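Asks: Give the three-dimensional model of this entry:
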Amino acid sequence: MRDRGVRRGILSIVVVAALSTAAGCTLSGDGGSHKGSSEASGGRGTRVDSRSASALRAVEKATARAGSARTESTTAMGTMLSLKTDGALGWSGASVGTLRLTYTGGQLAETMRTLGSTSMEARLLPDAYYAKVGATFARRLHGRRWIKYAYDDLAALPGGSGAYLTDQLRNTAPLQPVRLLLAAGDVRRVGDETVRGRRTTHYSGTVTTAALGGEDAAGLKEQLEQAGVTTETVDIWVDDHDLLVKKVEKGELSTGRMSSTAYYRDYGVKVSAAKPPAAETADFKELVSTQGSSSR
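Replies: Below is the predicted model:
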């Protein structure tokens, strides 16, 4: 009975840690498999008007040059999970970052509470993602407070979800909402608005995954399909320096409704993430292997 409880707890940590980081912070990552936005057209033959397309391409370039930013977000995924995140992400070279995740509701949040944790620290390094667990769960790991998720191990998870998560964790620049608008071909300039004291231009559009087509959109379509996204609306607010200030994504997943709102500031901030001590770190792959052996 105790072994089964530990296995359930570990599997919950795996799902929550990996999913919440990708969904809460890097759903809007740049998507490494994307080949660029040289053609602003979607699968339905529509095209972004030249003024909006030029503005969105300028956002791509300015964001890539900035290399880093502070971010905060709120995410809800139906009844499964809702959370807040706060931290800093860097994408100049290999992606790095430090994040604080706070679970605010949903079934997985309740699971986390039973394990003695309502929040989690996460560190993104070039080769792995590290999640710090609560004291209650750490006791089940012989006092180790961190779980290491090597990207290669995540990518090997069955069903394609691991590959999607890995891509998001390795590509943290907030470019995907911009590229989705370009690829969908359905975007309009809403107007000028003030967001947290900053003057911005608001763009909005609708993305239908099945309608995305063409070579440039193939990578984005695959990512959305792996995430279970069928359709979504994307809104972005861009400042006078062509940098994203806010983004909102709302849509339908195969498991229910999803919404995510993120804010960005302090572009160019220095971002670093330290690897936790080896003696305090449990390896995800080894934990899964141990669980598999104990269940037989």
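Asks: what bits of this protein have low per-residue confidence?
Replies: Where the chain drops to pLDDT under 70, the residues are 1-48, 158-162, 164, 214-216, 227, 254-255, 290-296.
Asks: Please, where are all the strands along the stretch 151-296 of the chain?
Replies: Ranges of strands within the stretch 151-296 of the chain are 187-195, 198-208, 229-239, 244-253, 256-265, 281-283, based on DSSP state E, counting those that start in this stretch.
Asks: next one: the stretch 1-150 of the chain
Replies: Chain-ordered strands for the stretch 1-150 of the chain, with DSSP E, counting those that start in this stretch as the definition, fall at 68-77, 81-90, 96-105, 119-124, 128-132, 146-150.
Asks: and the strands of the stretch 151-296 of the chain as a markdown table, adding mean neighbour count and distance to residue 115?
Replies: Quick note: C-beta positions are derived from backbone N, CA and C, even for glycine. Below are the strands of the stretch 151-296 of the chain laid out as a markdown table (neighbours: other Cβ atoms under 10 Å; distance: least, Cβ to Cβ, whole Å):
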| stretch | mean neighbour count | distance to residue 115 |
| --- | --- | --- |
| strand 187-195 | 14 | 36 |
| strand 198-208 | 19 | 36 |
| strand 229-239 | 20 | 29 |
| strand 244-253 | 20 | 25 |
| strand 256-265 | 18 | 24 |
| strand 281-283 | 18 | 14 |
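Asks: Go through the strands of the stretch 1-150 of the chain and name the closest to residue 252.
Replies: strand 68-77 (11.3 Å; Cβ to Cβ).
Asks: and the angle from that closest one to strand 256-265?
Replies: 160 degrees (axes from the mean of the first three to the mean of the last three Cα atoms, to 10 degrees).
Asks: ok and strand 68-77 relative to strand 244-253, angle-wise?
Replies: Using the same axes, to 10 degrees: strand 68-77 against strand 244-253 is 30 degrees.
Asks: Give the pairing partners of strand 68-77; include direction for each.
Replies: strand 81-90 (antiparallel), strand 256-265 (antiparallel) (DSSP bridges).
Asks: Out of those strands, which gets nearest to residue 153?
Replies: strand 81-90 (21.7 Å).
Asks: Could you give the separation of the closest one from the chain centroid?
Replies: 9 Å (Cα atoms, centre = their mean, to the nearest Å).
Asks: quick revisit: TSV please, covering the strands of the stretch 1-150 of the chain and showing distance to residue 225 and mean neighbour count.
Replies: Formatted as TSV, these follow (distance: least, Cβ to Cβ, whole Å; neighbours: other Cβ atoms under 10 Å):
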stretch	distance to residue 225	mean neighbour count
strand 68-77	17	21
strand 81-90	20	22
strand 96-105	25	20
strand 119-124	24	21
strand 128-132	22	23
strand 146-150	22	22
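Asks: right, and those - which one's nearest residue 184?
Replies: strand 68-77 (21.2 Å).
Asks: Next, the angle strand 96-105 makes with the closest one.
Replies: Using the same axes, to 10 degrees: strand 68-77 against strand 96-105 is 30 degrees.
Asks: backbone phi and psi for residue 276, please?
Replies: phi -60, psi 160 (degrees, to the nearest 10).
Asks: For the spatially closest residue to it that is not a sequence neighbour, give me its contacts.
Replies: Using Cβ to Cβ, 6 or more residues apart in numbering and skipping residues adjacent in sequence, the residue nearest residue 276 is residue 146, 4.2 Å away. By Cβ atoms under 8 Å, 6 or more residues apart in numbering, residue 146 lies in contact with 130, 131, 132, 133, 276, 280, 281, 282.
Asks: Residue 114: neighbour count?
Replies: The number of residues packed near residue 114 is 13, by other Cβ atoms under 10 Å.
Asks: mind starting the numbering at 14 from now?
Replies: From this message on, residue numbering opens at 14, which makes the last subject residue 127.
Asks: still on that earlier bit, out of the strands of the stretch 14-163 of the chain, which gets nearest to residue 281?
Replies: Nearest to residue 281, of all the strands of the stretch 14-163 of the chain, is strand 81-90, at 6.1 Å by Cβ to Cβ.
Asks: which strand residues sit across from residue 83 in the sheet?
Replies: residue 101, residue 278.
Asks: Likewise for residue 161?
Replies: Beta bridges link residue 161 to residue 143, residue 296, judged by DSSP bridges.
Asks: so who does it touch?
Replies: By Cβ under 8 Å, 6+ apart, the contact list for residue 161 reads 141, 142, 143, 289, 294, 295, 296, 297.
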